[in-house]
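Participant: Task: produce atomic coordinates for the following.
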Amino acid sequence: MRILFMGTPDFAGTCLKKLYSTGYEIVGVFTQPDKPVGRKQKLEKPPVKVLAEEHGTPVFQPVKLRDGTALNIIKDLNPDIILVVAYGRILPDSILEYPKYGCVNIHGSLLPKYRGAAPIQWSVINGDKVTGVTAMYMSHDMDGGDIIAQRSTEILDGETSGELFERLADIGADLLCDVLKDIFEGKASRTPQDTDKVTYAPPLTKEMGVIDWNKPSRLVISHINGMNPWPVASAELAGQRFKIYKAEASKRTGNFVPGSIIAADKEGICVGCLDGAVVITELQAPGGKRMKAADYLRGHPICL
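Facilitator: Numbering: from 1, shown residues only. Prediction:
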């Protein structure tokens, strides 16, 4: 079977790597254009492009998908199926309708929960206990296609979005290969999504990183974990704006003023919230490097 793969970041790269190792025929790869990175704005290839080039697969990076150019490329490649994993672009109906076996997407949530751009991050931010991946047939509605199969996993205590991304990428890659086998053998199921249970996961912004200390400690910690690695949670402490990478529940009890510094010692920086306190254990000061909060305090003590 001829497969056209569409994807961009590492999450997609994990799936593509699994397809290569399983022996599937990848006739082409669509990915986002190279982007300037760093102070020198050097163009950087998407991870999927790097992997495809290593395997000698033709790579295409169309800027537009609706002007007919991309569809003409697809017609030349003549894929039996199009696989889409974190591509970052919405496919027009003309592309969705072209391949014999349709377009199949791997999505980082248990649909219909968390349709949208940031399902993994929001599952962590909201303090969910369980998440997973969904394989679905793509349709005109974003993330609204019929479900083929799903696999779930528990969100581990203290797990960041970045760490969960890596685990779900592996789960998604295995699911994709299993689903492909079922599709080609005519065994794949097709279950419409329950529209009454749809929720959305909008893209994150830097402004969303600011910690709301008026929330319960559990959700403050979930917020910090969900914003890691981007855009990273932030808070003003002792007159400075810090990036906050990790925190844990404090053993201190009491009615503390939300946002107030209760202690700054070898454990870290203890800050009050709605129902107690949390201890910031990893941070980054303005112009500084990411480090343990205890290490920062040795050179920059905070007076209470």
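Participant: And this structure, what are its domain boundaries?
Facilitator: If you go by automatic domain parsing, the domain ranges for the chain are 2-197, 206-299.
Participant: can I get those domains in TSV with mean neighbour count and mean pLDDT?
Facilitator: (Each C-beta comes from the backbone N, C-alpha and C, glycine too.) Shown next, in TSV, are those (neighbours: other Cβ atoms under 10 Å; pLDDT from 0 to 100):
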stretch	mean neighbour count	mean pLDDT
domain 2-197	18	97
domain 206-299	18	97
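Participant: chain center to stretch 223-236: distance?
Facilitator: Between the centre of stretch 223-236 and the centre of its chain there are 14 Å (Cα atoms, centre = their mean, to the nearest Å).
Participant: measure that stretch end to end?
Facilitator: 16 Å (Cα to Cα, to the nearest Å).
Participant: Give me the contact list for it.
Facilitator: 121-126, 158-162, 204-206, 208-213, 215, 241-247, 259, 271, 280, 284 (Cβ atoms under 8 Å, 6 or more residues apart in numbering).
Participant: ok, now with 6 Å
Facilitator: Contacting residues not belonging to stretch 223-236 are listed as 121, 124-125, 160-162, 204, 206, 209-211, 241-245, 247 [Cβ atoms under 6 Å, 6 or more residues apart in numbering].
Participant: Same check on stretch 26-35?
Facilitator: 2-6, 8, 43, 45-46, 48-49, 52, 57-61, 77, 79, 88.
Participant: and the end-to-end length of stretch 285-300?
Facilitator: With Cα to Cα as the measure, what separates the two termini of stretch 285-300 is 10 Å.
Participant: do the same with stretch 232-251
Facilitator: 25 Å.
Participant: so where do the helices sit in the stretch 151-300 of the chain?
Facilitator: 161-184, 217-226, 293-299 (DSSP state H, counting those that start in this stretch).
Participant: Need those in JSON lines (columns: distance to residue 234).
Facilitator: As requested, the helices of the stretch 151-300 of the chain are exported to JSON lines (distance: least, Cβ to Cβ, whole Å):
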{"stretch": "helix 161-184", "distance to residue 234": "15"}
{"stretch": "helix 217-226", "distance to residue 234": "10"}
{"stretch": "helix 293-299", "distance to residue 234": "14"}
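Participant: For residue 237, find the nearest of those helices.
Facilitator: helix 293-299 (9.9 Å; Cβ to Cβ).
Participant: Would you mind pulling up the elements that that closest one packs against?
Facilitator: Here helix 293-299 touches strand 268-273, strand 276-284, going by 3 or more Cβ pairs under 6 Å, 6 or more residues apart in numbering; DSSP states H and E.
Participant: just the CA coordinates of it, formatted as PDB?
Facilitator: This file holds the C-alpha atoms of helix 293-299, laid out as PDB (Å, rounded to 0.1, in the frame of the first residue of the first chain):
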ATOM      1  CA  ALA A 293      15.200  26.600  43.500                       C
ATOM      2  CA  ALA A 294      17.500  25.600  46.400                       C
ATOM      3  CA  ASP A 295      20.600  26.300  44.400                       C
ATOM      4  CA  TYR A 296      19.200  29.700  43.300                       C
ATOM      5  CA  LEU A 297      18.500  30.600  47.000                       C
ATOM      6  CA  ARG A 298      22.100  29.900  48.000                       C
ATOM      7  CA  GLY A 299      23.200  32.800  45.900                       C
END
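Participant: can you list the residues that contact that helix?
Facilitator: By Cβ under 6 Å, 6+ apart, helix 293-299 touches 264, 266, 268, 269, 280, 281, 283.
Participant: What is the nearest of those to residue 65?
Facilitator: Among the contacts of helix 293-299, and counting by Cβ to Cβ, the member closest to residue 65 is residue 283, at 41.3 Å.
Participant: now, which of the contacts of stretch 26-35 lie within helices?
Facilitator: 48, 49, 52, 77 (DSSP state H).
Participant: Which one of the helices of the stretch 151-300 of the chain lies nearest to residue 255?
Facilitator: helix 217-226 (13.0 Å).
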